[in-house]
Structure formats: C-alpha cells, structure tokens
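# from the sequence below, what's the structure:
(chains A and B)
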Number of protein chains: 2
Amino acid sequence: MSTYADRLKALREQLKTDQLDGFVIPLTDEHMSEYVGTYAQRLAWLTGFQGSAGSAVVLPEEAAIFVDGRYTLQVRQQVDGDNWSYQSVPETSVTQWLEEHAPNGARIGYDPWLHTRDWVKRAKEGLASRGAELIPVAQNPIDKIWNDRPEASKARLVVQSDEHAGKSAAEKRTEIGDWLGQHHADAAVLSALDSIAWAFNVRGADVSRTPVALAYAIVHADGTAELFVAPEKIGPDVQQHLGNGVRVHDRTAFEGVLSELKDKTVVVDPERAVSAIFDALEKAGAKVLPLRDPTILPKAIKNPAEIAGQKAAQERDGAAIARFLHWIDEEAPKGEVDELTASDKLEAMRRESAELRDLSFDSISGAGPNGAIVHYKSSEKTNRKLESGTLYLIDSGGQYVDGTTDITRTVPIGEPTDEMRDRFTRVLKGHIAIATAVFPKGTRGSQLDSFARRPLWEAGLDYAHGTGHGVGSFLSVHEGPQRISPVGSAQSGGDEPLQPGMILSNEPGYYKTGEYGIRIENLVLVVPREIEGAEKEMLGFETLTFAPIDRRLIDAEMLDPEELIWLNCYHAHVLAKIGPTLSGADLDWLRQACAPVLTD
Amino acid sequence: MSTYADRLKALREQLKTDQLDGFVIPLTDEHMSEYVGTYAQRLAWLTGFQGSAGSAVVLPEEAAIFVDGRYTLQVRQQVDGDNWSYQSVPETSVTQWLEEHAPNGARIGYDPWLHTRDWVKRAKEGLASRGAELIPVAQNPIDKIWNDRPEASKARLVVQSDEHAGKSAAEKRTEIGDWLGQHHADAAVLSALDSIAWAFNVRGADVSRTPVALAYAIVHADGTAELFVAPEKIGPDVQQHLGNGVRVHDRTAFEGVLSELKDKTVVVDPERAVSAIFDALEKAGAKVLPLRDPTILPKAIKNPAEIAGQKAAQERDGAAIARFLHWIDEEAPKGEVDELTASDKLEAMRRESAELRDLSFDSISGAGPNGAIVHYKSSEKTNRKLESGTLYLIDSGGQYVDGTTDITRTVPIGEPTDEMRDRFTRVLKGHIAIATAVFPKGTRGSQLDSFARRPLWEAGLDYAHGTGHGVGSFLSVHEGPQRISPVGSAQSGGDEPLQPGMILSNEPGYYKTGEYGIRIENLVLVVPREIEGAEKEMLGFETLTFAPIDRRLIDAEMLDPEELIWLNCYHAHVLAKIGPTLSGADLDWLRQACAPVLTD
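Numbering: from 1, shown residues only, chains lettered A, B, ... in the order given. I've put the predicted structure just below:
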C-alpha cells in the first residue's frame, strides 16, 4: 500500500503527463451527494482526511487542504502537515487560494463531473485575474493513479412499494410532465440520487446509510423517462415495476443521450447538477432552463402513506431506544460500557426489527467530553468509557422500509451536577418552544430558530449549529429544502416556507468543550393548527419521535406550567405508544422513565 | 390650475418634442430620499397620488401607476382610472410592465438623477428584449411643463453643536479619510441627505419632518471635503463651523466636480446614489468602487452624547405624551374630540418644549376603524370623533435638537371589549418579549422579530409590518441599516447585526379591519448585557421611551410573572422620569396610570 506522500507524488507526475499545473479535488460525487460511495472518496485516498466536508488543491510546489471549523483539529491529526498546508473555510476559499498561489499562466485542472457550474464560473474568473486557466479534464487524474480504487457498488435496486411510497412512480412522472408543460419545457434532468430514488419509487445500496442507487434520469413532458443505471443492478422485478414508460440505459450512456437533446428546452437544477451536464446540453444545442429539481418540494411534503410509515417506523425505533436506555441505566454504572459497545448494542437492538434496512447515519456515541464534539465519530483511538459523573450523548437513526428516523438523547451516568441540570433544562425549554410553536402559513424555519435559543441566550449560552434539518422517507436523513436555522443561512438563498407534511428535526443543544455535550432531538411533522377565531391559516408541529427525555436532568422549577404540561403529556404519549411493545423489566423501566415530573 | 388630465396631455406633448415614446416617474429625489421636498413631488403633481411610495409610466396611448398593498384603495380615490391603469407592486414591476407594454423599438425616457444604477440596468435589459431603448434625459420633461413648480427650499443650514453630535465634523471626516485609505480609495461621494447632515454636523429644513438640507458631498482621503449646497443657505456661523477643511460649492457644481475625478478611485454607494453619479464618474475616467456609504454604520451606532441627548429628548417627549393622554381621558368622554383636534393638541403640547424643532413625521391619529389603517393620515374628509366603545391609536414623534422620538400609544375610549383587552395584552406580551430579549453579539433583528409575534400567532393573529426600524439622532425617524423584521426582508440583502448604541423602535401591533387598531411602540437602545457565566458577548435592549401603557387594556391574568414584573418596573420608571416634570392634575393622573398591575 502506497503512502500519502507517494500518492501526492504520483498525482504530480500524472498532472505533468496531462499537461496540467494543478488540480482541484472536492469531496463529492457526480450527483453532488453529501455522502459518497467509496469509489468516489478521492480526497480521503489522496490526503487521509476522513471528515465529511472538505477539498484540496495540488500545485507543482505546494498543496493545500480546505476544511471548515468542525474539522480544524481532525485535519491536523489525519493529514501530513509537511506535504499539505491547512486552510480554513469560509475564511479562505479554494478559488481565493488559487488566485493567490497559482503560477502565472498556469493550467489548473478540474473534473467537470464534480463541481457546480457556479463554482466553475467563479474559479475561472478568479484564475483569469492571474492570467491562469481552468481546464476541464476528460478523465480524473486521480482515477488514473488509484490502482486499488474500489469498483462502484453493484448492489441491486429494490422496488419501494406504492403502499409505502403513497403514489405510484407513473403518477409522479405524470406530475413532473405536467410541471414541465407549465414551464414550456421538454424535459428535466434529475441527477440528485434521492430525487431519482423518489421519482422512480426505487431504493439502492450504493451509498452507505442512504438507500440510493447511482443513476441519472431524464423525465420528459409526456411523463416517460430515461433511467441511466448499471444494467446488472436491475432485476426482473424492478424492470417490471419501471414499466414501458421508463427506458433503461447504462449509466455510461447518460452524456451521449444528453447530446441528443438538440433544440429541446431542458430543466437542470444549478444547485444539484454538475457542470458537465450543462456543458453537454449546451454543446448539443439544447436550451437549458435553470430551475429547481421538480421533485424537491413534493419529496419534502410527505403524503399520508409516507406519514403513516414514518409513524410506524418511529414506534419501532422508540422501542429500541427505550430498551437501549434501560440497558445503559443497568450496565453503565458497572463501569465497563464504552462508546463503541454502547452504539453496537443500540444497533443490534434496532436490527431486531425486520423492517430495518440500515442505520440512517453513523451513530454519534459521545461519552463525557466527546459528547461536546458535534460531529463526533467514535473509533478505537478515541473510545471512552461511560464514567460516573459524566453525561452520555447518543445521536442515531434507522433506515426502515417505511421511514427514516433520527433521534438524540442525553443521559447522566451517576449523579449529574447542578450545572448539567440547568443546561439540560434550558435545552429542553428550547426544544419545547419549537414543539409547541404555532405560526402562519408562509413562515420559514429561520423565523422559528431563535425560539429554541432564547432559554440559552438568557444565560449567555448558545449552540453553533442549526436547530433542525429536513428528513426523507426511507431516504436521506438530511433532506431539503426546509430547515430551522438562523438567518445567516437564509441569506445564502433563503429557506423554504414550512408546509404541512414536511418532516424536520428539532434538536437544540449545548456543548461545554472538554466536559460534556447535551442535545435533545425529536422529529416533528408540520401540521395545520385549527385555532378558534384565527384570521390566518396557522401551522404547528406534531412530534413524531417517542422515547423518554431523561427526568434526572430536568430542573422542574425552571419550567413554566405550560412546559411542564408539554413534558408530562409527551411522556404519557411515549408510554402509550412504546409501552405495548415492551414487557418485563423494560416496561417497568419505561413506566418509571415516563412518570410525571412535578414541581415541589 | 390645470387638471390632472391636462397635465398628462401636456407631458405627452412634451415627450413628442423630446423625441421620446414614454417616460418613467418615480417618487424620490436626487438623494433617493424617503420623504422629498415639494419641488420634487412630480408624481403627485402629475397624477394626484399622495401616498409615500409609488411610481408611474406614461406611454403614448396608455399610462400606469404602480403602488404597493398599502395604497390599493387610496390610489383609486386619488388617481383618475380613465387616464391611469392601477398596477400592484411587487406583483408587477415598472420594468415588467414596460417589457409588456412598450411599443417595439420605443424610446423610453428616464431621469438619471432619480434612479439607482441597478434599476437602470434591469430596465435596459428588459426593454432590450423588446427591441426598445431606455434613454437618459438631460432635463426632466415634467419640469419643463410644471409651470408653478415650487422652488427648492432656501432654508438656512444650522450647526449641530459638538455637544449634541458628540464628535466634531473634522473628526468624522478624518475617520472617513482613514477608512478610504484602508480601501485604497481617494474619495467617497455622499449623496444621502442624512449622511451629509451627520458627517458635517449640520441640519437643514428643506424636507418636511426631517432636518436635512439639499446637498451633495465628496470627502477625500486626507479628510478634507467638498460640500455642494446653495450658497445662500450658508450663513457666517455655518461657514465658520465648516472651516478650511471644507470647500463649499453651489449644488449645481456637483456634476462638474465629479467629472474632474479622472483616475481617482471613488467610493459610491449603489443603494443610495443615483445612476447619474456613476455615469459622471465613469465618463470622467474615475474608478468607481461600489461600497456602502461610510457614514451609515457610525451614524447608526450612537455615541454617548447622542445617547444622552436621546434620553433628554425622551423625558420631554414622555411628559408631553403623558399630559396628552390625561387630556384625552378628560375630554374624549365629552364626545367632541376628533382625530385632528387630538393630534393638534399633542403637537401644541410638544411645541411647548424649547428644544423641539419639528415633528418627526405626520402624526397617525386613528379613531376606531381608522386606527386599523397602518399608514393612516387623518384629513378633513376622513376625520372621526373618538367615540365611546372604540380604541384610539396615536403614533407620533418629535424632532428635538438632541434626539428624534417615535412613540405609539393605544387608549380605550369608554369601556373596551374583552376582545380588545385580549388583543392588546398579546401585543404587549410581544412588546415585552423584545424589550427583555438577550442575544449574542452578531444577532440580526430578523432573528428577534418572531418573539414579538408569538403571542399573536398563538391566537391565529399577526401584523403585516416589521417590528422595528432604526431611528436617527435629530435626523431621519427611519434610519438603517438595522431593523427588526421577518426574514423576508433579510433575503433582499440581509439586515445588519445589532450593535451596542443602535436605536430601534419596538412596535408590534394588531389591526382588525373596519374596527380598531392596536400598536405599542417604544424606542430601545442596544446595550451590552452582563450575565454571570456567559460564554459569549451578550446584548439586550434598554427601553428609552417613558409614557404609560394603558392599564385598562391589560388582562393581567394573561401575563407571566416576569411580564408583570417588567410592566410594573416600566411604569415605576415612567413615574420616576416623567413625574418630576408634571404637577397638579397631570401628576395625579400619571400616578394613577403608573400604579402596579396585579393579578387577582
């Protein structure tokens, strides 16, 4: 196995052969995915960086890796500082750095299948000011030198039944066709993997934790479609499910078919489609209409079958969580439970459900100070025991055939301090403020975000992440376009008004570096709220997640009467929904964990 | 006097002479002012429209007037529908309408001194798609036919003393010069009237209700400046105050001096400077650096002298308001007080202060259903008596030499209904939620806005305006860049993070069309908040306005304990600050009005 230094050297030699002076390596795939298959993990292969967001630039004499604040420490542990300079985004961007470091007249390569057109435009302009050029490559130079590169997954597609999807794929295609008609367009390119999975009612296993298959699609105004996917992945059941309205091509045929769309008006989503797709269409003489992928909003607004599936999945998931929390209460005091055994135990309990297909993300199992690392991933190296006097934070979820879950609970090991109880209760007050919010139709998540922070702000505290993200239906655990986050993100394009049927997380937190982390996360559904005398159409949230919120961490005196009522009603619901699926000591534990919290 | 139909006909003839097929008439002046002098009220002269925002387009065969939702009714009352078609913004914009209605190949005129460069760019592009042209005019064609056009005001400038300004004009210019140095720029053009008044520590009387003088300025990197203002407005005192560092030119010399800036790097604010300024600089061969007017932020962040002045002004203003509210309580039940006599009475009481220079805007004096019209201006035609069983809303303010005030109070005439008390108490809860908010440095007003709405949202209610606007120091009553408004406005550029020293209004409301309006408005100052154990620099608000909030409209049972404490503390402060300036029956009334509100 080659060293990272060897790989960097090999890349520089390859660039020379390819007549390039530099190359940009992002962490994404041809679908602008958040999580990518091993075959596409070029940044990790080249540099050793294991984080979930970053990019790198290699020049003849220097090389830089770009990560955000979450990975400042991690990048220094994983990537060799002798060969790589560490750069922080957003303070420095790849294009800014290139502007300053690219040799005059340099030819900087990029893979047009891994960048948005907007990025290419900005980078080109930046380099032009240095007299340098940005050159698209026909084949990624890393792929030429990566000898043991994993093959793309060959996992077969599976049909997502109409019962779970709530709408047939043919109906969905007809609706996309109608939408194209309204926009006087002939076709839409779908390149986001979850959009394709949703539109065709299929699921895959090509990406860890997200049930999608590597594919592209073109949907026509008449409701027929082209689906581009490796043919060996399509069994007879899927072939029959797709039907005559869908023409299946090999994934490699995609670019060729794009080039046949001469004179057609084709919708492409500039945020979700890579530059190469625009290039191919423009070269072909198609008219590109830059609009949002038409599946985004209908995918976000869950239909009754998807909502019913989500609720069924939540009952299973809540039962596994309850049994796990009981197990922690029994075992942790003995002193032998650590982060990895705990998350393995939870996974095993979830896997007892026949409907579970995968976890929805790698569990964040953080003991003591590790709980304060927001995107923590435990490893043999960092693994800690759950020690008395600390908090344990577990953020996890399941991919069930009928719904995707995501839940965080924080529990005390032994006796918590007064400060821990104060902080936990503030986080809980914020959580309740979101859970009980009522707001007019048209309100955006960014207008609600501060409700979750106010109890922390009052103590001079805050948390450095958003309050909620959208969640898919047996799809991505992070799904847009809705979210609950501060206005900062709204300024980069705006967040979507909340609509009934959208599912989001409600997850305020508090993190004391080096000591402990707290997060309370439930999923919530946007629902209409009937209010007598209302002058506007009002919306609110229905909480979907059912598992106890640890009573030992709650200072009841800090809760308003309405907050206490919410908490006790919530626990009554947990007992009613989860209790019937438990028995014996687990059920006794749940009764205790759901007992009403009272003030003195 | 000519009719509006005559004027439209005369304009069309003038356009023919000027070889134009159309002309665009905005409601602004050469300084992009919110309120404009009578000499610049071309839209009102041409159409009869008296609202504060709108524009018009005249073509050979048709003419359209564009207003927003506030003026939908008013425009139909004031502007003749036979000659003008009514258009609603933002649904239709002037440029969209022109794209659809301008004859192919048409030459559409615009006055480059009345539009931003961004507007010109968009309109040009829109017209180009029709094969039509947008043509800058050398003289506004309306000015050629407006025979009895008022002359621009000749009011003299007055010096704003260093004692009130808190910083000498020379210091301010030095700071602008340093800022220019940091940006490698040679000069900054100031064209916003309040920016010029602030930078030179002068005030004027050319615009009703806003103490500014018609002027332009250029500040150089060395801290010297050119001030362009009609010479007859500068008396010896102002001449001496300005000193040797400021070269005074006639206002008409501005364009000529711009054209001498060849090869200079000149800062111009694209949101605040008109297109003609950019044109002149570019023609001259200057390098234009589009940046925000460098006075905007220091003007918004009040210094200790400005804060002290604001507080002194508030005590005077609160005393006038208290005496007025007492008078209303005495007189309104007799049945003879109407909107106009009430606002006249309040003005007279304010004018008893030697420090008052003007009102800060035309009072909104709304009885019963008129109170529900957010931008109501009472007239002989609409004037109503304050009748028993109704609410009376009075939104008013003063321009004192040391500070600008803005306050709204809502009072019951006779016995209020339970619904009125419910709605008023919800508005009060929202007001208190802003007054007591604590938030980390970097927070924007849009992140706080929903705090004010939540108590209304819970009843299915809302209000269709922002929660707060910035306020100047003896300057504009509406001053940016800070505000407290929903995310919608943040999306058109973002609102400014709140900083200590900024002054804003806190004015939630509720409006029941055809019945009553409620608004509770105080001014607040952004201040640091010391919190024990805080992990971040925290900010909050100090309320600056002192006048009773009507106890008869408060349902104490709806207030949380903390809200009751705030209310009673607030009233204790009102009594302590205002009481000493009152005597006799007024003082007795104030004591009663400030008595603690208690729950049963």
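# C-alpha only now, for contacts and for neighbours.
Noted.
# so which bits of chain A are right by chain B?
A:437-440, A:444, A:446-451, A:454, A:457-462, A:486-487, A:490-491, A:493-494, A:531-538 (CA under 8 Å from any CA of the partner chain).
# show me what contacts A:Y216?
Going by CA atoms under 8 Å, 6 or more residues apart in numbering or on different chains, A:Y216 touches A:V189, A:L190, A:S191, A:A192, A:L193, A:I196, A:L227, A:F228, A:V229, A:R251, A:F254.
# ranges for the strands of the stretch 51-200 of chain A?
Here the stretch 51-200 of chain A has its strands, by DSSP state E, counting those that start in this stretch, at A:55-58, A:63-67, A:85-88, A:107-110, A:133-136, A:158-159, A:187-190.
# now render the ones you listed as a markdown table, adding mean pLDDT.
Shown next, in a markdown table, are the strands of the stretch 51-200 of chain A (pLDDT from 0 to 100):
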| stretch | mean pLDDT |
| --- | --- |
| strand A:55-58 | 97 |
| strand A:63-67 | 96 |
| strand A:85-88 | 96 |
| strand A:107-110 | 97 |
| strand A:133-136 | 96 |
| strand A:158-159 | 98 |
| strand A:187-190 | 98 |
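# highest average neighbour count across those strands?
Mean neighbour count, computed with mean count of other CA atoms under 10 Å in any protein chain shown, is highest for strand A:187-190 among those, reaching a mean of 26.
# just checking, what packs against that strand?
helix A:169-182, strand A:216-220, strand A:265-268 (3 or more CA pairs under 8 Å, 6 or more residues apart in numbering or on different chains; DSSP states H and E).
# run the last query once more with 10 Å
helix A:169-182, helix A:193-200, strand A:216-220, strand A:225-228, strand A:265-268, strand A:287-290 (3 or more CA pairs under 10 Å, 6 or more residues apart in numbering or on different chains; DSSP states H and E).
# now the nearest residue to A:V159 once chain neighbours are set aside: phi and psi?
Distances taken as CA to CA, 6 or more residues apart in numbering or on different chains put A:V202 closest to A:V159, at 4.6 Å, once the chain neighbours are dropped. Torsion angles at A:V202 (phi, psi; degrees, to the nearest 10) stand at phi -130, psi 160.
# A:V202 against A:V229, yeah?
No - with contact defined as CA atoms under 10 Å, A:V202 does not count as touching A:V229 (11.8 Å).
# picking that back up, could you turn the buried ones of the residues of chain A next to chain B into a PyMOL selection?
The following PyMOL line selects those of the residues of chain A next to chain B that are buried, judged by 16 or more other CA atoms under 10 Å in any protein chain shown:
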select buried, chain A and resi 438+439+440+444+446+447+448+449+450+451+454+457+458+459+460+461+462+486+487+490+491+494+531+534+536+538
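# how about the strands of the stretch 51-200 of chain A in TSV, adding distance to B:D329?
Shown next, in TSV, are the strands of the stretch 51-200 of chain A (distance: least, CA to CA, whole Å):
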stretch	distance to B:D329
strand A:55-58	70
strand A:63-67	65
strand A:85-88	64
strand A:107-110	76
strand A:133-136	75
strand A:158-159	74
strand A:187-190	67
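# intersection of neighbour lists for A:V202 and A:V229?
In terms of CA atoms under 10 Å, 6 or more residues apart in numbering or on different chains, A:V202 and A:V229 are both contacted by the residues A:L157, A:A213.
# which secondary structure element is home to A:L590?
helix A:584-593 (DSSP states H and E).
# buried stuff in that helix?
Neighbour-count burial for helix A:584-593 flags A:D586, A:L587, A:W589, A:L590, A:R591, A:A593 (criterion: 16+ other CA under 10 Å).
# and for stretch A:44-55?
Neighbour-count burial for stretch A:44-55, counted by 16+ other CA under 10 Å, picks out A:A44, A:W45, A:L46, A:T47, A:G48, A:F49, A:Q50, A:G51, A:A53, A:G54, A:S55.
# would you mind measuring from the second one to chain B?
So the one you mean is A:W45. 38 Å (CA to the nearest CA, to the nearest Å).
# wouldn't that residue be in contact with A:Y4 here?
Yes - the pair A:W45 / A:Y4 is scored as a contact, 7.8 Å apart, by CA under 10 Å.
# in CSV: the helices and strands packed on strand A:187-190, plus mean pLDDT.
Formatted as CSV, the helices and strands packed on strand A:187-190 follow (pLDDT from 0 to 100):
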stretch, mean pLDDT
helix A:169-182, 98
helix A:193-200, 98
strand A:216-220, 98
strand A:225-228, 98
strand A:265-268, 98
strand A:287-290, 95
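# what sits against A:R251?
Neighbour list for A:R251: A:L214, A:A215, A:Y216, A:A217, A:L227, A:F228, A:V229, A:A230, A:P231 [criterion: CA under 10 Å, 6+ apart].
# and the fourth one, how many neighbours?
Okay, so that is A:A217. Residues contacting A:A217 under the criterion other CA atoms under 10 Å in any protein chain shown number 26.
# give the buried residues for the helix or strand where A:K429 lies.
With elements taken from DSSP H and E, the one containing A:K429 is helix A:418-435. By neighbour count with 16+ other CA under 10 Å, helix A:418-435 contains the buried residues A:420-435.
# what does stretch A:349-369 give?
A:349-351, A:355-369.
# same deal with stretch A:85-102?
Applying 16+ other CA under 10 Å to stretch A:85-102 flags A:S85, A:Y86, A:Q87, A:S88, A:S93, A:V94, A:T95, A:W97, A:L98, A:E99, A:A102 as buried.
# quick check: buried residues in the helix ranked longest in chain A?
Secondary structure assigned by DSSP state H gives helix A:304-331 as the longest helix of chain A. Buried residues in helix A:304-331, counted by 16+ other CA under 10 Å: A:305-311, A:313-329.
# could you do stretch A:68-88 as well?
Buried, per 16+ other CA under 10 Å, within stretch A:68-88: A:D68, A:Y71, A:V75, A:V79, A:D80, A:N83, A:W84, A:S85, A:Y86, A:Q87, A:S88.
# now for those: which two are most distant?
A:D68 and A:N83 (19.3 Å; CA to CA).
# in the stretch 501-600 of chain A, what residue is nearest chain B?
The stretch 501-600 of chain A approaches chain B most closely through A:A534 (4.0 Å), counting by CA to the nearest CA.
# give me the element that residue is part of.
Counting by DSSP H and E, A:A534 is part of no helix or strand.
# pLDDT score assigned to it?
Confidence at A:A534, expressed as pLDDT, is 97.
# hang on, it packs against A:P528?
No - between A:A534 and A:P528 there is no contact under CA under 10 Å: 12.0 Å.
# quick one: common contacting residues for the two?
A:P440.
# give me the contacts around stretch A:253-263.
Taking CA under 10 Å, 6+ apart as the rule, stretch A:253-263 contacts A:186-187, A:189, A:215-218, A:226-230, A:249, A:266, A:276-288.
# buried among these? Make that a ChimeraX selection.
Burial among the contacts of stretch A:253-263 is assessed by 16+ other CA under 10 Å; the matching ChimeraX selection reads:
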select /A:186,187,189,215,216,217,218,226,227,228,229,230,249,266,276,277,278,279,280,281,282,284,286,287,288
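# for the stretch 451-600 of chain A, which spans come out with low pLDDT?
Along the stretch 451-600 of chain A, the parts satisfying pLDDT under 70 run over A:487-494.
# any chance you could map the helices in it?
Counting by DSSP state H, counting those that start in this stretch, the stretch 451-600 of chain A has these helices, from start to end: A:487-491, A:561-578, A:584-593.
# tell me which residue in the stretch 251-400 of chain A sits closest to chain B.
Closest contact between the stretch 251-400 of chain A and chain B, by CA to the nearest CA, is at A:A372 (14.7 Å).
# next up, the contacts around that residue.
A:A372 neighbours (CA under 10 Å, 6+ apart): A:366, A:391-393, A:509-519.
# cool, A:V219 as well?
A:173-174, A:176-177, A:180, A:186-190, A:199, A:225-227, A:245-246, A:266-267.
# if you set the cut-off to 8 Å instead, what comes out?
A:R173, A:I176, A:G177, A:A187, A:A188, A:V189, A:L190, A:A225, A:E226.
# still on that earlier bit, and which of the buried residues of helix A:418-435 is nearest B:T295?
The closest of these to B:T295 turns out to be A:G430 (CA to CA; 38.5 Å).
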